[in-house]
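[1] Structure for this input, please:
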Amino acid sequence: MSTAMTAPAPPASTGEALAMLTSAMRYLTAAEATQMPAEVQARCLIALEQLDAIETAARASILAAFTTGQGYRDDGDYSARSWLMNHTRVTRGTATGHAGWSRRGRLHPRVLAALAAGDLLSESYARLICAWTDRLPADCRDNADSILVGAAEMGMGLADLAALAAEIEARSRPDVPDEDGPRFEERAVKLETTFGGAGVMAGDLTPECAAVVTSVLDALSAPRGAEDDRSHVQRYHDALEEACRRLVAAGLLPERAGQPVKVTAHIDLADLIDLDVDSELQKKWTERVRERWAAARAAASAGSSDGAAWLEGKAAEGFACDASVTPVVLGTVNPGVMEELIRFCVQLAGHGPGRCTPNPTPDHGASDHGASDHGASDHGGPAPAGPGEPLPGSQPLPPGLSRESLEQAVIGKAVELLSGRDGLASFLRRRELGVRLGGPSQPLDIGFSDNVPAAIRNAVKARDLHCQWAGGCDQPASACEVHHLKHKSNGGETSLDNCILICFFHHHVMIHRMGWTLVRNPDGTTTAWNPDRTKVLRSHSPPARAG
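    Okay, here's the model as predicted:
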């Protein structure tokens with residue numbers, strides 16, 4: 001049984017077109033693919049590939065217009081790529097790819113037109129054609145695009161297209177010898193952090209760079225005696241790390257955000273303290289720390305990183321051996337102890353049961369004894385308090401309590417309020433497991449200074465990890481500056497509570513030039529608004545932390 005296909009009526013507006021597109025894709029997603037005949041499955045796959053080409057062309061055109069008009073500035077973003085990451089929830093690589101097609105569309109209009117046609121050229125073939133003709137002189141690209149697109153439309157295979165592109169390049173540069181390596185414009189090094197905190201590096205080096213890197217790695221990767229059983233690639237890895245360590249230690253690197261370059265590592269408390277190794281309590285607590293540490297490290301690999309390494313075990317022990325350790329005490333707010341904390345404070349202030357005596361009820365027979373003759377002036381001491389108010393003067397403490405014990409109790413509850421039920425002290429005291437963190441981690445103490453000393457700067461970096469702009473920003477801590485939420489000119493203190501990590505663009509352009517206001521909310525999120533409050537941005541969640 002066959003079903004006749006009729007062309008649907010074209011949409012009357014952009015909104016209607018988007019609704020039709022969404023509806024059609026949802027229909028195909030929900031369809032039972034296993035019940036389709038192979039012919040229908042094949043037709044769907046071909047059509048989806050064609051739609052992918054059309055979608056690429058449409059996005060490139062719209063994104064180019066959005067970029068030219070700087071539409072991203074309305075949401076406080078500094079680039080179209082940043083806007084895509086924050087508002088369409090795509091990764092950095094995807095946003096970069098979309099921005100790349102926006103650029104290609106301007107440089108290769110013939111290729112973009114072939115994509116828009118849908119049935120002539122696939123996105124992957126179009127990307128290769130652009131890469132090949134980008135190597136040509138500017139005045140040759142359009143003609144080369146026309147030749148290659150035409151050949152692809154006629155069904156030429158990828159290998160034949162590559163050969164044709166190479167022939168076109170050779171004819172366009174008759175006096176330039178063939179080059180096996182990448183051209184200077186194609187030089188690149190890419191370093192990414194994996195889910196487990198390790199790094200993956202890839203790159204295209206110029207011949208000069210390759211020669212320098214090879215010389216350094218060869219010099220530092222020589223086997224260290226007969227007992228050195230490292231492989232060649234392992235020795236190259238260790239040589240690269242040693243070269244970078246020597247460069248940092250020599251102090252020859254330029255400053256970042258006004259600070260000398262240092263290699264930073266996060267090491268959890270479980271690897272720095274010495275508890276009873278046979279204690280079951282320590283094992284359970286360590287497991288909880290490991291879980292939170294792994295979660296924070298994974299979050300850092302997705303872009304919320306201050307540029308530091310996340311180490312544990314032997315790696316942490318080796319790094320800490322020759323490092324300057326800056327302890328930052330973290331905790332989570334536990335509102336459950338607030339009631340008890342208030343009770344202690346009330347008792348410490350001289351109030352509470354047995355210490356606050358209500359004002360006696362006036363005697364109904366007072367008029368019989370001449371009330372006017374019994375004024376306050378006839379009695380020594382201060383006037384009695386009103387109903388429900390504490391009696392004036394110092395009151396005795398409840399039995400069994402001293403002022404010192406109450407002060408210690410208040411201090412203990414204040415620490416518990418911030419350290420939370422998952423805090424180390426709370427865990428060791430009550431042996432509680434399985435309770436998730438109740439809120440964002442807060443450094444408990446770091447100090448105060450007129451300037452921004454290293455201790456406060458390091459604590460701000462450890463807390464915020466990246467730019468805290470409310471609209472979203474992926475700039476790492478190493479590229480950010482410390483901003484005073486309440487400006488110093490208005491009496492703002494240089495303290496951990498009043499400082500926040502902001503990148504140069506959002507700090508100097510959005511806040512200090514365009515007049516935006518940024519505040520940090522009690523739950524750790526941030527909010528920003530423009531001068532006339534017509535635009536308000538809110539962050540989604542506080543930084544992920546490992547307690």
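
[2] Could you look up the SS state of the nearest residue to residue 531 once chain neighbours are set aside?
    Leaving aside its chain neighbours, residue 531 sits nearest to residue 515 (4.3 Å; criterion: C-beta to C-beta, 6 or more residues apart in numbering). Bear in mind the C-beta positions are built from the backbone N, C-alpha and C, glycine included. Assigned by DSSP: H, G, I helix; E, B strand; the rest coil, the conformation of residue 515 is coil.

[3] Same question for the one 4 residues further on.
    With three-state DSSP as the basis, the three-state label of residue 519 is strand.

[4] Now do the phi/psi pair for residue 88.
    phi -110, psi 0 (degrees, to the nearest 10).

[5] returning to what we had before: for residue 529, see how far away the residue nearest to residue 531 is.
    With the distance defined as C-beta to C-beta, to the nearest Å, residue 515 ends up 10 Å from residue 529.

[6] Next: residue 151.
    55 Å.

[7] Which strands and helices lie in contact with the host helix or strand of residue 343?
    Here residue 343 sits within helix 338-348, counting by DSSP states H and E. The contact analysis (3 or more C-beta pairs under 8 Å, 6 or more residues apart in numbering; DSSP states H and E) places helix 338-348 against helix 403-419.

[8] Tell me which stretches of the protein form strands.
    In chain order, the chain shows strands spanning 188-193, 199-204, 265-267, 309-311, 330-332, 441-443, 480-484, 499-503, 517-520, 526-529, 536-538, with DSSP state E as the criterion.

[9] Need the ones you listed in TSV (columns: mean pLDDT).
    Formatted as TSV, the entries for these read as follows, by pLDDT from 0 to 100:
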stretch	mean pLDDT
strand 188-193	79
strand 199-204	81
strand 265-267	67
strand 309-311	72
strand 330-332	56
strand 441-443	48
strand 480-484	86
strand 499-503	88
strand 517-520	90
strand 526-529	91
strand 536-538	89
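
[10] and among those strands, the most buried is which?
    By mean neighbour count, with neighbours taken as mean count of other C-beta atoms under 10 Å, strand 499-503 ranks first of these at a mean of 25.

[11] per-residue pLDDT, the nearest residue to residue 245 once chain neighbours are set aside?
    Distances taken as C-beta to C-beta, 6+ apart place residue 263 nearest to residue 245, at 7.4 Å, with adjacent residues excluded. As predicted, residue 263 sits at a pLDDT of 71.

[12] Can you give me every residue that contacts residue 263?
    Residue 263 makes contact with 245, 248, 308, 309, according to C-beta atoms under 8 Å, 6 or more residues apart in numbering.

[13] now the strands of the chain in TSV, with distance to residue 31?
    Shown next, in TSV, are the strands of the chain (distance: least, C-beta to C-beta, whole Å):
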stretch	distance to residue 31
strand 188-193	36
strand 199-204	38
strand 265-267	47
strand 309-311	44
strand 330-332	46
strand 441-443	46
strand 480-484	47
strand 499-503	45
strand 517-520	47
strand 526-529	43
strand 536-538	38
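
[14] if I look at residue 238, how far off is residue 253?
    Residue 238 sits 21 Å away from residue 253 when distances are taken as C-beta to C-beta.

[15] Compare the two and say which is more crowded by neighbours.
    The neighbour count for residue 238 versus residue 253, taken as other C-beta atoms under 10 Å, is higher for residue 238 (15 against 12).

[16] Send me stretch 480-487 as CSV with only the CA atoms.
    These are the backbone C-alpha positions of stretch 480-487, laid out as CSV (Å, rounded to 0.1, in the frame of the first residue of the first chain):
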residue,chain,number,x,y,z
CYS,A,480,39.2,36.6,35.4
GLU,A,481,39.6,39.5,37.8
VAL,A,482,38.3,40.0,41.3
HIS,A,483,35.3,42.5,41.4
HIS,A,484,33.9,44.2,44.5
LEU,A,485,30.2,43.7,44.6
LYS,A,486,29.9,46.9,46.6
HIS,A,487,32.5,49.2,45.1
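
[17] Mind listing residues that contact it?
    Around stretch 480-487, the neighbours that count as contacts under C-beta under 8 Å, 6+ apart are 257-258, 452, 456-457, 460-461, 464, 466-467, 492-494, 498-504, 507, 511, 518-520.

[18] sorry, back to before: which one of the strands of the chain lies nearest to residue 172?
    The closest of the strands of the chain to residue 172 is strand 199-204. By C-beta to C-beta, the value is 21.8 Å.

[19] just the angle between that closest one and strand 188-193, please?
    For strand 199-204 and strand 188-193, the angle between their directions (axes from the mean of the first three to the mean of the last three C-alpha atoms, to 10 degrees) works out to 170 degrees.

[20] Give me the sheet partners of strand 199-204 and which way each runs.
    Strand pairing for strand 199-204, determined by DSSP bridges: strand 188-193 (antiparallel).

[21] For the strand it pairs with, list the C-alpha coordinates in CSV.
    What follows is the C-alpha trace of strand 188-193 in CSV, where atoms were taken according to Å, rounded to 0.1, in the frame of the first residue of the first chain:
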residue,chain,number,x,y,z
ALA,A,188,46.6,24.8,16.2
VAL,A,189,47.0,23.1,19.6
LYS,A,190,43.9,21.8,21.5
LEU,A,191,44.0,20.7,25.1
GLU,A,192,40.8,19.4,26.7
THR,A,193,40.1,18.0,30.2
